[in-house]
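In: The amino acid sequence is not available; the structure is as follows:
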């Protein structure tokens, strides 16, 4: 596997360049496999460079990422992109920008997002293949990191 890089686009946005595709079936992503892959990150604390906020990847992180109602309905290129983005999750958190806060209004999140939600923008790029041969071109995607704020605002988890 090749090494991840962080590059900048023409207007200065940082992008995590993911060199390989490891989840290949874009018609039917095995989200349980993606969830298993993400378990290696449980317990990590990653600093967002711009805001200096610390992000704790809790035990619910793999399931929240791969098991949400939105994710399970996603098909095609978007599903494939989201699944493969997990290879650069640390770097995507580090380059996250445009922090926006929203209060929690749902009872079901009273305990895990009592102090609201933070939304960040992040970007990543995946290689383009032609006839199963990797080209030198990449497709850039933007994503939204949704972070719940817990424990009096002292700890946030993705």
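Out: Now that the structure is in, tell me what you want to look at. Here the structure is a predicted model, which is why all the values come from computation and not from measurement.

In: Distance of the residue of the chain positioned farthest from its centre relative to residue 19?
Out: Here the chain reaches farthest from its C-alpha mean at residue 131, the gap being 27.6 Å by Cα atoms, centre = their mean. According to Cβ to Cβ, to the nearest Å, residue 131 and residue 19 sit 19 Å apart. The C-beta positions use only the backbone N, C-alpha and C, and glycine is treated the same way.

In: Now do the same for the top helix by length along the chain: mean pLDDT, whole number.
Out: Once the chain is assigned using DSSP state H, the helix that runs over the most residues is helix 76-85. On average, the pLDDT along helix 76-85 is 93.

In: got it, and stretch 134-147?
Out: 93.

In: Measure how far it is from the centre of its chain, please.
Out: The chain centre lies 10 Å from the centre of stretch 134-147; the measure is Cα atoms, centre = their mean, to the nearest Å.

In: Stretch 39-46 too?
Out: 13 Å.

In: Buried residues, that stretch. List them.
Out: For stretch 39-46, the buried set under the neighbour-count rule, 16 or more other Cβ atoms under 10 Å, comprises 41, 46.

In: From the opening residue of that stretch to its closing one, how far?
Out: 15 Å (Cα to Cα, to the nearest Å).

In: Same check on stretch 6-24?
Out: For stretch 6-24, the end-to-end distance is 23 Å (Cα to Cα).

In: Any chance you could list what contacts that stretch?
Out: Residues outside stretch 6-24 that contact it (Cβ atoms under 8 Å, 6 or more residues apart in numbering) are 1-5, 29-30, 33-34, 37, 80, 83-85, 87-88, 91-92, 94-95, 97, 122-127, 129, 138, 140.

In: same question, stretch 67-75
Out: 26, 27, 31, 35, 65, 79, 82.

In: same deal with stretch 125-141?
Out: 7, 9, 15-21, 81, 84-85, 123-124.

In: now do 6 Å
Out: Contacts to stretch 125-141, defined as Cβ atoms under 6 Å, 6 or more residues apart in numbering, come from residues 15, 17, 18, 81, 84, 124.

In: Reformat those residues as JSON lines; add neighbour count.
Out: As requested, those are exported to JSON lines (neighbours: other Cβ atoms under 10 Å):
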{"residue": "15", "neighbour count": "22"}
{"residue": "17", "neighbour count": "19"}
{"residue": "18", "neighbour count": "24"}
{"residue": "81", "neighbour count": "21"}
{"residue": "84", "neighbour count": "22"}
{"residue": "124", "neighbour count": "27"}
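
In: Brilliant, that's me finished.
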